[in-house]
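Peer 1: 3D, please:
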Amino acid sequence: MNEHISNQRESLFSTDGQKRNRKRTGLSLRWKFPLVLAALLLFTVGVLSWLVLTGIRTSQTEQMERGLKRQAEIVEMRVKQSYLLGVSPSSEAFMKKQAPQLAVELGVSSNMRVILYDRKGHEVGNSLPLAFRTDVSQALSYALQGKIAYITEGSTIIYLAPLQGPEGLLGVVQLHTSIEAQQQFYQAIARLFLWTGGAVLVLSFILGLGYVSRQTRDIGRLTRASEQISAGHYPEARLLRRQDELGRLDEGMLQMSHVIRESITALENEKLRLEEAVQRLRELEQQQKSFIGNISHELKTPLTSIQAYADLLDMYGDDPELVREARESIHKEAKRLYELVEDSLRLSVLDKYDFELHAEEVDLHSLLEDAGSRIRGKAAKRGLHFSIDAVPAKVWGDPKHLMHIVLNLLDNAVKYNRDGGWMTLSSRVERDTVIVYVRNSGPWIPREKWEMIFEPFATLSHDRSRQDSGTGLGLPLARRLAERMGGELHLTASGDGVIENANENGQGNEFSLKLPLLVFDSSLSTD
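Peer 2: Got it, this is the predicted structure:
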């Protein structure tokens with residue numbers, strides 16, 4: 001074995017000697033690093049320049065658009081005021097009669113060229129009638145449809161906006177403004193970036209070359225030290241007095257025990273992860289036992305009732321009233337058992353697997369109206385005042401599961417309510433989220449139990465006990481279905497002041513379902 005090691009060393013020495021004797025080709029690190037640094041600086045300066053210039057251009061555009069929009073609103077207000085104060089029988093007659101004078105007045109006050117069109121697209125007023133005319137027919141057609149359009153022509157912006165009157169579209173205003181000053185400012189900033197970037201690049205290259213030269217000298221010392229270690233000559237002291245990466249590399253060459261300590265630390269971390277995994281398995285085992293205990297209790301209650309009525313039928317089968325009562329109770333308990341098994345299976349699948357969703361574009365407004373129509377009869381039986389106020393919006397989700405969630409919330413709003421009370425179904429849009437609210441006049445729920453009701457088989461006080469054969473799995477299933485579709489389901493209010501301007505005193509509960517918004521048509525929403 002010693003001979004083998006000796007032969008290995010001789011082979012290494014021979015190979016190292018051959019490598020050292022080879023003719024070195026290519027650029028050294030002394031030049032590679034400054035060149036890479038220069039390339040990085042060039043890229044950075046270029047990207048920053050592009051970002052700043054893009055930001056300036058965007059800011060100038062937004063400022064220009066805001067100013068023109070504000071000026072168009074002033075023009076619209078002035079034209080509308082003149083129309084309301086005038087006696088013209090129609091908007092066409094008003095524009096034909098008043099537009100020339102209004103165009104001149106607005107042009108003087110805004111320091112812009114102002115052209116007015118009637119709602120048929122005919123020019124009826126021009127503050128500078130002898131000036132050069134530009135073909136704006138395409139943009140004018142957009143403006144006549146109630147849209148804003150503008151054209152950039154050299155250093156001039158031609159802006160067209162609809163003028164709305166009390167009875168609809170009065171016409172279109174065309175504004176002319178110059179952006180020459182903005183263009184000159186943009187070009188000046190671009191030249192400044194060009195000269196500044198070039199100066200920074202040259203200076204950085206010179207400074208980087210001097211800095212890298214020192215680094216390459218230290219790297220050369222470490223290279224020679226590694227060659228000595230490979231030859232069996234170990235340094236007794238650190239070669240570099242540095243605190244950066246090269247200093248740590250120098251220290252690592254002397255203290256190989258650091259690798260052993262890192263290995264031990266890695267083993268301890270792995271042990272901690274295994275202990276956490278074992279603890280998690282124990283928690284899951286405890287949850288499984290609790291689930292089995294709860295579902296056993298829930299199954300036992302209807303089965304006991306069914307068994308009792310079966311015994312009564314066996315003893316008093318000739319009693320028609322008893323037969324009718326037993327039939328209704330057995331049917332009711334059997335239905336509860338079926339719902340319990342169905343909800344348990346769904347909840348189990350959601351916990352264990354990635355539940356399959358058939359997502360598509362869903363018209364939430366239509367879905368809420370459909371759900372409301374399904375529950376309206378049940379609410380009427382208890383004398384509940386039920387109202388719907390939904391905004392037009394579209395979401396991406398599974399319509400079947402969305403309907404299940406909404407119906408579950410509405411069904412609970414009927415079950416856990418007082419006779420003659422109220423319940424509402426509404427929705428609103430907040431940024432990129434649509435929120436569905438289900439509110440009712442039921443008994444309030446203590447704040448500390450708001451999350452408890454979303455746990456399987458959760459029970460509350462007697463005033464919130466499961467009536468109408470509730471399984472205690474509806475809300476947990478609804479929340480998990482909502483989460484699978486990227487949404488959230490919470491109880492967001494309970495007690496006084498839940499519903500503003502309610503028929504009663506605003507007392508009740510509020511559940512909110514948040515879903516990612518896909519499309520919101522604000523033009524269809526009502527005030």
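
Peer 1: Next up, the contacts around the residue nearest the centre of the chain.
Peer 2: In the chain, the centroid-proximal residue (CA atoms, centre = their mean) is Asp432; its distance is 6.4 Å. Residues near Asp432 by CB atoms under 8 Å, 6 or more residues apart in numbering: Pro516, Leu517. All C-beta atoms are positioned from the backbone trio N, CA, C, and that covers glycine.

Peer 1: mind checking the SS state of the closest residue to Gly146 other than its chain neighbours?
Peer 2: With CB to CB, 6 or more residues apart in numbering as the criterion, Gly146 has its nearest non-adjacent residue at 5.1 Å, and that residue is Pro162. Under DSSP: H, G, I helix; E, B strand; the rest coil, Pro162 falls in the strand class.

Peer 1: For Gly67, see how far away Pro162 is.
Peer 2: Plainly put, Pro162 is 18 Å away from Gly67 if you go by CB to CB, to the nearest Å.

Peer 1: Give the bridge partners for the residue nearest to Gly146, please.
Peer 2: Val172 (DSSP bridges).

Peer 1: now it: how far from Thr152?
Peer 2: 20 Å.

Peer 1: Next one: the residue nearest to the centre of the chain, what pLDDT does it get?
Peer 2: Confidence at Asp432, expressed as pLDDT, is 89.

Peer 1: just the strands in this structure please.
Peer 2: Per DSSP state E, the chain carries strands over the ranges 113-118, 123-126, 149-153, 156-165, 168-178, 360-363, 385-389, 393-397, 422-430, 433-440, 488-495, 508-520.

Peer 1: In JSON lines, list those strands along with mean neighbour count and distance to Val52.
Peer 2: Below are those laid out as JSON lines (neighbours: other CB atoms under 10 Å; distance: least, CB to CB, whole Å):
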{"stretch": "strand 113-118", "mean neighbour count": "24", "distance to Val52": "33"}
{"stretch": "strand 123-126", "mean neighbour count": "21", "distance to Val52": "40"}
{"stretch": "strand 149-153", "mean neighbour count": "15", "distance to Val52": "22"}
{"stretch": "strand 156-165", "mean neighbour count": "20", "distance to Val52": "23"}
{"stretch": "strand 168-178", "mean neighbour count": "21", "distance to Val52": "24"}
{"stretch": "strand 360-363", "mean neighbour count": "14", "distance to Val52": "40"}
{"stretch": "strand 385-389", "mean neighbour count": "15", "distance to Val52": "47"}
{"stretch": "strand 393-397", "mean neighbour count": "22", "distance to Val52": "37"}
{"stretch": "strand 422-430", "mean neighbour count": "19", "distance to Val52": "33"}
{"stretch": "strand 433-440", "mean neighbour count": "22", "distance to Val52": "33"}
{"stretch": "strand 488-495", "mean neighbour count": "17", "distance to Val52": "39"}
{"stretch": "strand 508-520", "mean neighbour count": "19", "distance to Val52": "33"}
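
Peer 1: Which among the ones you listed is found nearest to Leu85?
Peer 2: Closest approach to Leu85 among the strands of the chain is made by strand 156-165 (12.4 Å; CB to CB).

Peer 1: Show me what the closest one is packed against.
Peer 2: Using 3 or more CB pairs under 8 Å, 6 or more residues apart in numbering; DSSP states H and E, the elements in contact with strand 156-165 are helix 29-85, helix 137-144, strand 149-153, strand 168-178.

Peer 1: can you tell me which residues contact the nearest residue in space to Met423 that is not next to it in sequence?
Peer 2: Nearest residue to Met423, sequence neighbours excluded (CB to CB, 6+ apart): Asn440, at 4.1 Å. Shown in contact with Asn440 (CB under 8 Å, 6+ apart): Leu384, Ala413, Val414, Tyr416, Asn417, Gly421, Trp422, Met423, Thr424, Gly508, Asn509.

Peer 1: Now with 10 Å, please.
Peer 2: 379, 384, 386, 409-410, 412-418, 421-425, 498-499, 508-511 (CB atoms under 10 Å, 6 or more residues apart in numbering).

Peer 1: lowest-confidence helix or strand of the protein?
Peer 2: Lowest mean confidence among the helices and strands of the chain (mean pLDDT, DSSP states H and E): helix 2-21, at a mean of 45.

Peer 1: ok, now how distant is Leu473 from His401?
Peer 2: 15 Å.

Peer 1: more crowded one of these two?
Peer 2: Leu473 (25 against 21; other CB atoms under 10 Å).

Peer 1: neighbours around Gly67, how many?
Peer 2: By other CB under 10 Å, neighbour count at Gly67 equals 15.

Peer 1: quick one: contacts for it?
Peer 2: Contact partners of Gly67, counting by CB under 10 Å, 6+ apart, are Met112, Ile157, Tyr159, Leu175, Thr177.

Peer 1: go on, Ser226?
Peer 2: Ser226 neighbours (CB under 10 Å, 6+ apart): Leu249, Met253.

Peer 1: Verify the contact between Asp370 and Leu410 for me.
Peer 2: No: using CB atoms under 10 Å, Asp370 is not in contact with Leu410; the gap is 11.2 Å.
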